[in-house]
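> I need the structure of the sequence given here:
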Amino acid sequence: MSQFISVFDMLKIGVGPSSSHTLGPWRAAQEWVSHLRKVNLFDVIDAVKVDLYGSLSLTGKGHATDLAILLGLSEADPEYIPIEDLFIIVDRINTQEEIYFKGGKKIPFFKDSIVFNREFLPFHANGLTFRGFSDGKEISTETYFSIGGGFIVQENDNLEEEIEINQKNFPFPINRAVQLEAYCEKENFLISDIVLQNELVLNTEDKVDFELHRIWDTMLESMYLGCHTKGILPGGLNVKRRAFDTHQKLIKDGVYSNPKEWISAIRDIEVKFREILKWVSCFALSVNEVNASLGRVVTAPTNGSAGVIPAVLMYYLVIENHEADFNHIKKFLLVAGEIGSIFKKNATISAAMGGCQAEIGVSSAMAAGALTELLGGTPAQSLVAAEIAMEHHLGLTCDPIAGLVQVPCIERNSMGAIKAIHAAEMALETNPKESLVPLDKVIDTMWETAKDMNKNYKETSEGGLAVTVRIVDC
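Below you'll find the predicted structure:
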């Protein structure tokens with residue numbers, strides 16, 4: 001038995017730079033305000049205090065956790081809010097020292113209303129507590145945990161309230177990769193067929209297609225924006241955007257005026273081997289440069305790893321198959337989402353819990369499995385590809401310099417995308433029956449590695465590059 005995790009849980013539209021440190025706290029703030037309304041405390045609240053714990057505190061400034069909380073308390077939606085409005089809302093709160101809620105209510109909110117606590121809460125490394133007051137008396141205390149990929153929970157959440165996936169509720173209940181492979185073999189289905197059948201329990205196919213279109217359009221727009229924006233990333237490291245210059249060299253004399261025409265323009269260019277590597281790298285870098293600038297990206301499965309899946313899918317569209325259309329995109333996203341959900345159910349997609357192997361490693365595995373299906377591989381070969389990609393990210397640490405999702409995070413998306421493509425090619429030449437390491441075993445190994453990893457390498461900026469290279473050196 002397990003809980004159902006939809007493709008649309010694994011691939012979510014949001015704002016950077018981090019799914020666990022930005023999107024999660026943002027959603028937690030929204031959830032708390034909603035809770036206040038439900039229990040009839042909203043109208044009497046006249047003061048708010050927010051405590052951040054563990055990784056949320058240690059790297060919160062670099063991950064814009066404090067800004068996300070301001071936006072969440074203001075009841076802005078990260079999926080739809082115009083990006084330019086983010087800074088208007090934050091500047092207004094900081095200047096006027098007041099939170100404005102929907103409906104006109106406003107309460108004081110000072111710079112010290114968010115407290116950064118270095119200690120960790122026992123349940124999860126990413127904890128935050130909202131406290132509401134009325135006439136000086138604390139009347140609401142709710143603690144949330146941002147567990148990766150924008151998912152939030154409370155310590156005593158009852159999972160039975162979530163959608164249980166079993167044979168009664170869904171045609172193909174999946175917890176482990178071996179179950180997914182067995183269904184495919186029995187039904188003579190591709191992985192994408194199995195995943196779609198489960199999704200159709202909750203939504204019509206038109207709705208599924210509509211949402212997948214939105215996800216792909218957001219991915220494409222983030223690549224397009226990143227490739228056409230130059231300058232320095234915010235945060236103080238003075239990291240230069242690289243996608244713009246690389247793209248200028250690669251696009252040559254291509255003529256286009258929007259993202260869809262851009263795809264056609266790239267398809268018309270003769271691309272040599274080294275340029276293929278550069279294109280894939282450019283696509284991945286572009287997304288994560290947008291992410292680092294608090295832009296809109298698709299959490300896939302996290303914001304820190306948001307560039308891998310778009311880069312590999314774009315590679316397929318502009319390099320591998322010029323006739324590819326939405327049906328190919330749909331299959332890719334369905335497969336990627338399901339592989340990611342298996343990792344989440346059996347390990348983690350949170351760098352604060354598992355290091356960067358839980359983000360770039362998982363995204364690379366998702367992309368590798370999805371690409372393998374599009375390249376004509378069997379379901380078993382798709383799972384082999386995911387295993388290969390993850391196997392070669394085992395032990396990857398999370399040590400962002402200055403707590404920013406920039407160095408080494410942006411480059412790692414490029415490397416994860418290249419590894420995914422190579423893993424797919426290796427899997428296509430592999431007889432799955434001869435593979436010594438099944439995907440489930442590498443997922444278990446990743447989780448054991450995560451538990452053994454020193455906490456300094458789990459998104460705390462207290463080890464590795466984050467210590468040996470300090471912001472004053474940059």
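> Figure out the helix or strand that residue 156 lives in.
Counting by DSSP states H and E, there is no helix or strand that carries residue 156.
> Dump stretch 439-451 to PDB, restricted to CA.
Backbone C-alpha positions of stretch 439-451 (Å, rounded to 0.1, in the frame of the first residue of the first chain) are rendered in PDB as follows:
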ATOM      1  CA  LEU A 439      16.300   0.500  -9.900                       C
ATOM      2  CA  ASP A 440      14.700  -0.300  -6.500                       C
ATOM      3  CA  LYS A 441      18.000  -1.400  -5.100                       C
ATOM      4  CA  VAL A 442      19.700   1.900  -6.200                       C
ATOM      5  CA  ILE A 443      16.800   3.800  -4.700                       C
ATOM      6  CA  ASP A 444      17.300   2.000  -1.400                       C
ATOM      7  CA  THR A 445      21.000   2.600  -1.600                       C
ATOM      8  CA  MET A 446      20.500   6.300  -2.200                       C
ATOM      9  CA  TRP A 447      18.300   6.500   0.900                       C
ATOM     10  CA  GLU A 448      20.900   4.600   3.000                       C
ATOM     11  CA  THR A 449      23.600   6.900   1.700                       C
ATOM     12  CA  ALA A 450      21.400   9.900   2.600                       C
ATOM     13  CA  LYS A 451      21.000   8.700   6.200                       C
END
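> Just the buried positions in that stretch, please.
The neighbour-count check on stretch 439-451 (16 or more other C-beta atoms under 10 Å) flags 439, 440, 442, 443, 445, 446, 447, 449, 450 as buried. Just so you know, the C-beta spots here come from the backbone N, C-alpha and C atoms, and that holds for glycine as well.
> Output those in a markdown table, with secondary structure and pLDDT appended to each entry.
A markdown table is the format used below for those (DSSP: H, G, I helix; E, B strand; the rest coil; pLDDT from 0 to 100):
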| residue | secondary structure | pLDDT |
| --- | --- | --- |
| 439 | helix | 98 |
| 440 | helix | 98 |
| 442 | helix | 98 |
| 443 | helix | 98 |
| 445 | helix | 98 |
| 446 | helix | 98 |
| 447 | helix | 98 |
| 449 | helix | 98 |
| 450 | helix | 97 |
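> Need these in a markdown table (columns: distance to residue 408).
Formatted as a markdown table, the buried residues of stretch 439-451 follow (distance: C-beta to C-beta, whole Å):
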| residue | distance to residue 408 |
| --- | --- |
| 439 | 26 |
| 440 | 29 |
| 442 | 23 |
| 443 | 24 |
| 445 | 23 |
| 446 | 19 |
| 447 | 23 |
| 449 | 19 |
| 450 | 19 |
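> so where's this protein uncertain?
Filtered on pLDDT under 70, the chain yields the residue ranges 1-2, 158-165, 167, 470-474.
> longest helix in it, by residue count?
Determined from DSSP state H, the single longest helix within the chain is helix 205-227.
> Tell me the buried residues in that one?
Buried residues in helix 205-227, counted by 16+ other C-beta under 10 Å: 208, 211-212, 215-216, 218-227.
> With the flanking residues excluded, which residue is spatially nearest to residue 300?
The shortest distance from residue 300 to any residue other than its chain neighbours is 4.4 Å, reached at residue 309 (C-beta to C-beta, 6 or more residues apart in numbering).
> Now do the contacts for the closest residue in space to residue 227 that isn't next to it in sequence.
Nearest non-adjacent residue to residue 227, counting by C-beta to C-beta, 6+ apart: residue 247, 4.0 Å away. Residue 247 sits next to 227, 228, 282, 286 when contact means C-beta atoms under 8 Å, 6 or more residues apart in numbering.
> Is the last one in contact with residue 297, as I believe?
No - counting by C-beta atoms under 8 Å, no contact exists between residue 286 and residue 297, whose distance comes to 10.2 Å.
> what do those two both touch?
By C-beta under 8 Å, 6+ apart, the residues touching both residue 286 and residue 297 are residue 222.
> element containing residue 323, please.
Using DSSP H and E, no helix or strand contains residue 323.
> what's the spacing between it and residue 267?
Using C-beta to C-beta, to the nearest Å, residue 323 is found at 10 Å from residue 267.
> between the two, who's got more neighbours?
Using other C-beta atoms under 10 Å, the more surrounded residue of residue 323 and residue 267 is residue 267, with 16 against 7.
> How about the contacts made by the closest residue to residue 403 other than its chain neighbours?
Excluding the flanking residues, the one nearest residue 403 by C-beta to C-beta, 6+ apart is residue 62, at 2.8 Å. By C-beta under 8 Å, 6+ apart, the contact set of residue 62 is 235, 400, 402, 403, 404, 405, 461.
> swap the cut-off to 10 Å and go again
Applying C-beta atoms under 10 Å, 6 or more residues apart in numbering to residue 62 gives the contacts 17-18, 21, 235-237, 400-406, 461, 466, 471.
> if I look at residue 323 and residue 267, which residues touch both of them?
Common neighbours of residue 323 and residue 267 (C-beta under 10 Å, 6+ apart) are residue 317.
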